[in-house]
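A.B. asks: here is a sequence together with a model predicted from it:
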Amino acid sequence: MLQSRNCPAYRREPSHRKSPLLFLFWFEGGPGSGKGTQCAKIVQHFGFAHISTGDLLRDESRSGSETGNMIESIMKEGKMVPAEVTIKLLQKAMQESGNDKLLIDGFPRNEENRAAYEAVIKIEPKLVLFLDCSEEEMERRLLNRNQGRLDDNIETMRKRFKVFKESTLPVIEYYNSKGKVRKIDAGKPAEEVFEDIKTIFTSISQVKHCFCVIL
Ligand SMILES: Nc1ncnc2c1ncn2[C@@H]1O[C@H](COP(=O)(O)OP(=O)(O)OP(=O)(O)O)[C@@H](O)[C@H]1O
Ligand SMILES: Nc1ccn([C@@H]2O[C@H](COP(=O)(O)O)[C@@H](O)[C@H]2O)c(=O)n1
Ligand SMILES: [Mg+2]
């Protein structure tokens, strides 16, 4: 039954994808909670493709286009880029990924993101992984990140924390009410956090041998 043409996942696929999606996971968590760090480990260990909406927006902002300049000034302010811009970049990256297991990092970050995703992409995530970390720890991590990001300064950081609490947490709560969220204690050392993630991923990947598709 695996990958049958009658599977709902085939019917809901974006038309340009080369392969049907088996697993679509979303990664949420406050700024500095360790989303990028853990996604890199999952890619290595479980062969997922990692799509970071923040990275897609940063790439676009470097293009020097009018949209790129607009993105840069919004990011500097720690605000959210309009969903119509982000969704286009995300849809393209998903279509081009060529992987049937996708990890989407930092999306949807607010209600507008979620509505755009449901209108345009329409593929339900199997799981939403929420990295839960205290603000003090996230602040400490961001101040030590040293990757030259425009938004790694105390003023922007505090604005991002506010956006996270006011706009992202309600979206996580929405998916929690649908039974999709797995909350992970992200305040521990990265290797320990990954051990908890491995437990979740291992139990999910065993399921694929029993069911057609889990989207
Ligand atoms: N569990 C951890 N313990 C200590 N430091 C960590 C941990 N996880 C990540 N870090 C460090 O914290 C910083 C932020 O991590 P990372 O970039 O993965 O966070 P993020 O959630 O992707 O943040 P953002 O939303 O800003 O992109 C990095 O310097 C990273 O090395
Ligand atoms: N869905 C999103 C994701 C990100 N942004 C903007 O990018 C900034 C950095 O995002 P990270 O995921 O790398 O933390 C974020 O503060 C937003 O300005 C967005 O608008 N929409
Ligand atoms: Mg990140």
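C.D. replies: Received the coordinates, thanks. Ligands and ions are numbered 1, 2, ... in the order given.

A.B. asks: quick one: pLDDT of the residue in the chain that ligand 3 sits nearest to?
C.D. replies: Per Cβ to the ion, Gly36 is where the chain lies closest to ligand 3, at 3.5 Å. For glycine as for every other residue, the C-beta is placed from the backbone atoms N, C-alpha and C. At Gly36, the predicted lDDT confidence score is 97.

A.B. asks: which helix or strand contains it?
C.D. replies: Counting by DSSP states H and E, the element that carries Gly36 is helix 35-46.

A.B. asks: that helix near ligand 2 at all?
C.D. replies: No. Judged by Cβ under 6 Å from any ligand atom, helix 35-46 stays clear of ligand 2, getting no closer than 6.8 Å.

A.B. asks: near ligand 1 at all, the helix or strand just after that helix?
C.D. replies: Next along the chain after helix 35-46, taking DSSP H and E as the criterion, comes strand 49-52. No. Strand 49-52 lies out of reach of ligand 1 by Cβ under 6 Å from any ligand atom, never closer than 7.2 Å.

A.B. asks: sheet-wise, list the partners of strand 49-52 with their directions.
C.D. replies: Strands that pair with strand 49-52, judged by DSSP bridges, come out as strand 101-105 (parallel).

A.B. asks: chain center to the strand it pairs with: distance?
C.D. replies: When C-alpha coordinates are averaged (Cα atoms, centre = their mean, to the nearest Å), strand 101-105 and its chain have centres 6 Å apart.

A.B. asks: list the buried residues for it?
C.D. replies: Across strand 101-105, burial judged by 16 or more other Cβ atoms under 10 Å covers Lys101, Leu102, Leu103, Ile104, Asp105.

A.B. asks: pull the next helix or strand after that strand out as PDB, backbone CA atoms only.
C.D. replies: Per DSSP H and E, strand 101-105 leads on to helix 111-120 as the next helix or strand towards the C-terminus. Extracted C-alpha coordinates of helix 111-120, given in PDB (Å, rounded to 0.1, in the frame of the first residue of the first chain):
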ATOM      1  CA  GLU A 111      -2.200  33.400  12.200                       C
ATOM      2  CA  GLU A 112      -1.600  35.100   8.800                       C
ATOM      3  CA  ASN A 113       1.100  32.500   8.000                       C
ATOM      4  CA  ARG A 114      -1.200  29.700   8.900                       C
ATOM      5  CA  ALA A 115      -4.100  31.000   6.800                       C
ATOM      6  CA  ALA A 116      -1.800  31.500   3.800                       C
ATOM      7  CA  TYR A 117      -0.400  28.000   4.200                       C
ATOM      8  CA  GLU A 118      -3.800  26.400   4.400                       C
ATOM      9  CA  ALA A 119      -5.000  28.400   1.300                       C
ATOM     10  CA  VAL A 120      -1.900  27.800  -0.800                       C
END
